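Novice: sequence unknown, structure follows:
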């Protein structure tokens, strides 16, 4: 049986998301795909990464991400038999339907059922199966992955091939196998065990721990989960609560950080065991536990640090950086459109989003290299204003055919074609400090599957966070990065500059309102200055981390009166020489030139010297300043009256 035939047998009759993850050393990578999609599954195995161990999820999921909440009914049981030979299963009357050897003397197996079983019942039977056979107790959960027969096991130097031993075993009815398992499992069922301890729990559970266990998810502070969870576990141990009951109490609570990983149940059980050892053998104040050094690869896999060898890393087929919009924004990057208020940042963001969604050149000048759905979340402008601007831009892009537009005495009516995958969320009062709001936005991203998300503006989405505090901003920025890498989506944030100081010399990116952490975080950005308010002329400075430096742009926007369709953009590149000449004007200081260029004083001095301008020093001591001598039309330097 080849790999695809095996997968087709496992997922026969199923529709939904599956995961075919891989692991190089301890570095996990997911491979989510819709099933049935044989072609995409074939691509997974066409060019394997050297040294990559391949796995499959036994169950299917209603949404991408292998989340336990999205498990769908299934008709298979499974067990990571490990050192338990198939002969033990056969002797117990539990012959697997399919059994394979993952390495010398180690096994995994599947048991086929005659009908699909809902996730709750599936979990119950599968756990009984694991305990009856004394298989790996951490291998029965619904998000478990097993090795794929036909691939290789790179855990061992000889890289043994994973071979199917037999695939013609019996098929079981859920009722028959449950009846058999109840006879084999030596302990009482979990429900009976918990019932035995309920009277004791009512009297010994500390009230504060009971309150913590009932904490709603929206009240949980992300950075405190580890500490609070450890406190709950230790105090339950001190109260005399059995380990199994602690697990059943803690697993569904909002503080359980392990629920978010596929092997979370195993990790939680091990942490509870460490809490038992800690309470029994130490009188020190409980603290967040460090991972045991000898727990083995399985525990490390649940919290990988991403270590990968040079050879394996270089062998991975990464795609070089690509433009999303050429010269403006790179694909799958995160960054900011920044500027002072009333510098058309939102208009540029709308134009950028519509370009990416439609494929039309940004402002009619910058080609779109990657086209796809776009999600815009905006809090600042009225829906009427957003529609007015978007209508103008769409008309200039040629996206509003005449038969989709009608005019009447009260204004205009637009029937937008349905072929532009642009989605908007207007003023949802989004709070990025709220786990509920973050989860809601993530669900929208899963639904839309955008290649770009635009959030306008950041300062209205930070809730109680202090934007001047890097410790407040850091979790939000890390969450954006998680979205970027998990969904392969570009993140564009609209944000304001702080008011420029009298002698402002900071680079434009360092002038953003709040902590300078923002400037260090960005990968693609557009920094906007207003040169002429009456003509609506902007100077836009593109900045990218992974592409060559881009020249500043002078953009003049033309928009008519509300209700009409006028929108155009004249774009002119700014040469470094011209930019420097304009900054110096009829004579100024190096500090003022640095401010005009949006660079440091040191870089401004370098550019001035390279362009052949002369300078002179005026004054002495702390109040001295360096003045630049402008060039006359003939190119000769001329000293001006510095007063």
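Specialist: Right, received. Where do you want to start? Computed from a predicted model, the values in this text were never measured in an experiment.
Novice: show the contacting residues for the residue nearest to residue 449 when sequence neighbours are not counted.
Specialist: Leaving out its chain neighbours, the residue that sits closest to residue 449 by C-beta to C-beta, 6 or more residues apart in numbering is residue 373, at 6.1 Å. Heads up, the C-betas are built off the backbone N, CA and C, glycines and all. Going by C-beta atoms under 8 Å, 6 or more residues apart in numbering, residue 373 touches 357, 421, 422, 423, 448, 449, 450, 451.
Novice: residue 493 against residue 462, yeah?
Specialist: No. Residue 493 lies out of contact with residue 462 (C-beta atoms under 8 Å); the separation is 10.9 Å.
Novice: need the contact partners of the longest strand seen in the chain.
Specialist: Identified as the longest strand of the chain according to DSSP state E is strand 106-117. Applying C-beta under 8 Å, 6+ apart, the set of residues contacting strand 106-117 from outside is 10, 58, 73-86, 89, 94, 96-102, 125, 129, 146-147, 165, 169, 171-174, 177.
Novice: if we can go back for a sec, restricted to strands, list the contacts of residue 373.
Specialist: Those of these lying in strands (DSSP E): 422, 423.
Novice: ok, so of the contacts of residue 373, who is nearest residue 141?
Specialist: Comparing the contacts of residue 373 against residue 141 with C-beta to C-beta picks out residue 449 as the nearest, at 27.4 Å.
Novice: run a quick neighbour tally on the closest one.
Specialist: Residue 449: 14 surrounding residues under other C-beta atoms under 10 Å.
Novice: around residue 551, how many other residues sit close by?
Specialist: 12.
Novice: which SS class is it?
Specialist: Secondary structure assignment for residue 551 (DSSP: H, G, I helix; E, B strand; the rest coil): coil.
Novice: next one: residue 212
Specialist: Relying on three-state DSSP, one would call residue 212 helix.
Novice: OK, contacts around it?
Specialist: With C-beta under 8 Å, 6+ apart, residue 212 has these contacts: 228, 231, 232, 253, 255.
Novice: max pairwise distance over those residues: which two?
Specialist: 231 and 253 (12.2 Å).
Novice: please report phi then psi for residue 388.
Specialist: phi -60, psi -50 (degrees, to the nearest 10).
Novice: ok, it touching residue 560?
Specialist: No. If you go by C-beta under 8 Å, residue 388 and residue 560 don't touch, sitting 10.5 Å apart.
Novice: pick out whichever of these two has more residues nearby.
Specialist: A direct count of neighbours by other C-beta under 10 Å for residue 388 and residue 560 places residue 388 higher, at 20 against 11.
Novice: measure that one to residue 88 for me?
Specialist: 73 Å (C-beta to C-beta, to the nearest Å).
Novice: what about residue 381, which helix or strand?
Specialist: Using DSSP states H and E, residue 381 falls within no helix or strand.
Novice: who touches it in this structure?
Specialist: Contacts of residue 381 (C-beta under 8 Å, 6+ apart): 346, 456.
Novice: ok, back up a step: are any of the contacts of strand 106-117 buried, and which?
Specialist: 10, 58, 74-81, 84, 86, 89, 94, 96-102, 125, 129, 146-147, 169, 172, 174, 177 (16 or more other C-beta atoms under 10 Å).
Novice: restricted to strands, list those residues.
Specialist: Going by DSSP E, the strands hold 74-81, 98-102, 146-147, 172 from the buried ones among the contacts of strand 106-117.
Novice: out of the residues you listed, which is nearest to residue 327?
Specialist: So of those, ranked by how close each gets to residue 327 (C-beta to C-beta), first place is residue 147, at 46.3 Å.
Novice: I figured residue 626 hits residue 613, correct?
Specialist: No. Between residue 626 and residue 613 there is no contact under C-beta under 8 Å: 11.0 Å.
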